[in-house]
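Student: I would like to see how this sequence folds:
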Amino acid sequence: MKILKRFCSVCGKESEKITCEDCSVVEEKEEKKLRVKICMTCNKHFYQNKLIDKDFIKGKKVKISNIHCLDCKPKKCLAIVQLRDGLEPEVKGFEDYVKHVKKLREGYNIEFTSSSAAFKYVKRAQDRHKVTLKKTSKLLTQRRDGKRVYQPTLLLRKVPFFDTKVFKIGRRFKGDANQEYGYDGQEE
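Tutor: The predicted structure follows:
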């Protein structure tokens, strides 16, 4: 019959337990460090993903890691609304979804973090102003399941204003211009 000897898992000495008496005393004296995460932008402190006060960690051993909290995390631009021809950005009601408003020589570019919010903004602009909409999309990425993710760009321009109700259809004019240009309604 073989007699099995036990050894301390820390120092390797013979002992009856997993750790010898000397090593178990050292382990009890060591305090565990608190793992605290600090947001680099807003300086909020988190412990176990919960917001804490700075007083909570005073006098304790702390291991600090720098993060961006959910409020400060950079958000992706998922849609762009371009305002041209003197249209001004009215983002009231969409502040949570607007990432950035850029003033350009041609007008404004509004970057949205949600494409559905961008479409709602465009719908509201169409209700308030006479604008034309041009939609283009570019491929952002493709997911693992094969679905393609696009970034829509929505261009809003004011509808051109005519002094007279005249516009040309083919060779004919429609509206008040018929009398001005001598069109009597018959084909040539």
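Student: what's near enough to touch the residue most central in space within the chain?
Tutor: Central residue of the chain (C-alpha atoms, centre = their mean): residue 75, 2.8 Å from the mean position. Contact analysis of residue 75 by C-beta atoms under 8 Å, 6 or more residues apart in numbering lists 99, 113. Every residue, glycine included, has its C-beta placed from N, CA and C.
Student: before we move on, what about residue 90?
Tutor: 125, 128.
Student: Swap in 10 Å and give it another go.
Tutor: Going by C-beta atoms under 10 Å, 6 or more residues apart in numbering, residue 90 touches 83, 110, 121, 124, 125, 128, 129.
Student: of the residues you listed, buried ones?
Tutor: With neighbours counted by 16 or more other C-beta atoms under 10 Å, these contain buried members at 83, 110, 121, 125.
Student: Residue 77: neighbouring residues, count only.
Tutor: 17 (other C-beta atoms under 10 Å).
Student: So it is in contact with residue 111, correct?
Tutor: Yes: Residue 77 is within contact range of residue 111, at 4.2 Å (criterion: C-beta atoms under 10 Å).
Student: what is in contact with these two at once?
Tutor: 99, 100, 118, 151.
Student: could those residues be laid out in TSV, adding pLDDT, secondary structure and distance to residue 89?
Tutor: Formatted as TSV, the shared contacts of residue 77 and residue 111 follow (pLDDT from 0 to 100; DSSP: H, G, I helix; E, B strand; the rest coil; distance: C-beta to C-beta, whole Å):
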residue	pLDDT	secondary structure	distance to residue 89
99	89	strand	13
100	89	strand	11
118	94	helix	12
151	92	strand	19
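Student: Can you tell me which of those is nearest residue 160?
Tutor: Residue 160 lies nearest to residue 118 out of those, by C-beta to C-beta, at 24.4 Å.
Student: Which residue comes closest to that closest one once chain neighbours are left out?
Tutor: Among residues not flanking residue 118 along the chain, residue 79 sits closest, at 3.6 Å (C-beta to C-beta, 6 or more residues apart in numbering).
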